[in-house]
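Q: Next one to model:
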Amino acid sequence: MTAESTTQSTTTARQEDEADIRRHIGKIVDGLASKDLDFLRSVYSPDVVSFDVEPPLQHVGLEAKLKNWERAFGVFDELNYELRDLDVTVGDDVAFCHGFGRISGTLNNGAATDGMWVRATFCLRKIDGSWLIVHDQASVPLDPASGRGVTDLQP
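A: As a prediction, the model looks like this:
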């Protein structure tokens with residue numbers, strides 16, 4: 001195999017992995033819209049560590065992550081998730097992505113909400129041939145003067 005064909009092979013493999021990762025992250029959008037915890041279970045590794053916007057500082061393990069989503073499902077009658085500007089970087093067996101995410105929809109009291117945009121980061125590991133999220137983080141920018149999150153920013 002020549003150096004050129006090795007480079008082309010690596011590039012093709014990376015492109016295929018990136019497409020797989022984008023589809024995998026897209027499963028979050030589908031799982032949230034259908035409020036399907038079992039479907040969302042397939043997206044995360046069993047030992048996922050999540051730094052979400054609500055306390056505590058970290059949620060460790062798949063069940064803790066799914067409880068976060070279950071709480072969100074309890075607030076929304078209809079839930080939508082939008083992910084914008086997703087950038088994906090792929091290695092042999094690890095990858096990371098970042099972009100902007102927003103949960104919106106209709107609350108249980110019937111009020112519609114546009115939600116707020118958060119900064120979203122996903123770290124994935126290829127486990128038994130499948131990309132799984134091993135870490136995610138959702139964060140809100142902070143106004144240091146007031147000590148409050150800034151929730152009205154747009155991507």
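
Q: Where does the prediction get shaky in the chain?
A: Where the chain drops to pLDDT under 70, the residues are 1-10.

Q: And the helices in it?
A: 3-33, 37-41, 62-75 (DSSP state H).

Q: Could you dump those helices into CSV and include mean neighbour count and distance to Tyr81?
A: (C-beta placed from N, C-alpha, C; glycine too.) CSV is the format used below for the helices of the chain (neighbours: other CB atoms under 10 Å; distance: least, CB to CB, whole Å):
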stretch, mean neighbour count, distance to Tyr81
helix 3-33, 14, 4
helix 37-41, 14, 11
helix 62-75, 15, 9
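
Q: List just the one of those helices that sits closest to Val88.
A: Nearest to Val88 among the helices of the chain is helix 3-33 (5.0 Å), distances taken as CB to CB.

Q: That closest one packs against which elements?
A: Helix 3-33 sits against helix 37-41, helix 62-75, strand 76-90, strand 94-107, strand 117-127, strand 130-139, with contacts defined as 3 or more CB pairs under 8 Å, 6 or more residues apart in numbering; DSSP states H and E.

Q: List the contacts of the most centrally placed residue in the chain.
A: When CA atoms, centre = their mean is applied to the chain, the residue found nearest the centroid is Phe122 (5.4 Å). Taking CB atoms under 8 Å, 6 or more residues apart in numbering, we find Phe122 in contact with 25, 96-98, 133, 135-136.

Q: Show me which of these are buried.
A: Among the contacts of Phe122, those buried by neighbour count (16 or more other CB atoms under 10 Å) are 25, 97, 133, 135-136.

Q: In this model Val150 seems to touch Trp117, though I could be wrong.
A: No - using CB atoms under 8 Å as the test, Trp117 is too far from Val150 to be in contact (10.1 Å).

Q: Have a look at these two and say which one is more surrounded.
A: The residue with more neighbours, out of Trp117 and Val150, is Trp117; 20 against 11, by other CB atoms under 10 Å.

Q: ok, that one to Thr11 distance?
A: Distance from Trp117 to Thr11, counting by CB to CB, to the nearest Å: 33 Å.
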